[in-house]
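Asks: from the sequence below, what's the structure:
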Amino acid sequence: MNKLELVNTVADKAGLTKRDAEKAVNATVESIEEALRRGDRVSLVGFGTFEVRSRKPRVGRNPQTGQEIRIPAGKVPSFKAGKSLKESIT
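Replies: Numbers count the residues shown, from 1 in each chain. The predicted model follows:
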């Protein structure tokens, strides 16, 4: 499902216009991004938790040449599925 399909589904399920559903989806995604930028966790009970995790620096390899390269430390977004989401999939 891409963003357009998500907007259409939200519009149908919530009884909104597609324009209003798009605004709602965009506002949700932007709010999650802003919270992660501040270093906050976003927990949607039953669905899952978004958070920022730190990665240590490590050594990798260029797959074309086999040469070792240093990969610097950084921060990456992470999502952990909640219990209800996991159970609904299996």
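Asks: contacting residues for the most centrally placed residue in the chain?
Replies: For the chain, residue 79 is the residue whose C-alpha lies nearest the centre (C-alpha atoms, centre = their mean; 6.1 Å). If you count contacts by C-beta atoms under 8 Å, 6 or more residues apart in numbering, residue 79 has them with 48, 49, 50. The way it works is simple: take the backbone N, C-alpha and C, and place the C-beta from them, glycine included.
Asks: now, of the residues you listed, which are buried?
Replies: Buried members of the contacts of residue 79, counted by 16 or more other C-beta atoms under 10 Å: 48, 50.
Asks: could you dump the longest helix along the chain to PDB, C-alpha only?
Replies: Ordering each helix of the chain by length in residues (DSSP state H) puts helix 18-37 first. Once non-C-alpha atoms are left out, helix 18-37 reads as follows in PDB (Å, rounded to 0.1, in the frame of the first residue of the first chain):
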ATOM      1  CA  LYS A  18      -9.900  12.500   0.200                       C
ATOM      2  CA  ARG A  19      -8.500  16.000   0.700                       C
ATOM      3  CA  ASP A  20      -9.200  15.900   4.500                       C
ATOM      4  CA  ALA A  21      -7.900  12.400   4.800                       C
ATOM      5  CA  GLU A  22      -4.700  13.400   3.100                       C
ATOM      6  CA  LYS A  23      -4.300  16.300   5.500                       C
ATOM      7  CA  ALA A  24      -4.900  13.900   8.400                       C
ATOM      8  CA  VAL A  25      -2.300  11.400   7.100                       C
ATOM      9  CA  ASN A  26       0.300  14.100   6.500                       C
ATOM     10  CA  ALA A  27      -0.300  15.700   9.900                       C
ATOM     11  CA  THR A  28       0.200  12.300  11.600                       C
ATOM     12  CA  VAL A  29       3.400  11.500   9.700                       C
ATOM     13  CA  GLU A  30       4.800  15.000  10.400                       C
ATOM     14  CA  SER A  31       3.900  14.800  14.100                       C
ATOM     15  CA  ILE A  32       5.800  11.500  14.400                       C
ATOM     16  CA  GLU A  33       8.800  12.900  12.500                       C
ATOM     17  CA  GLU A  34       8.900  16.000  14.800                       C
ATOM     18  CA  ALA A  35       8.700  13.900  17.900                       C
ATOM     19  CA  LEU A  36      11.600  11.600  16.700                       C
ATOM     20  CA  ARG A  37      13.700  14.700  15.900                       C
END
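Asks: if anything else comes up later, I'll come back, but that's it for now.
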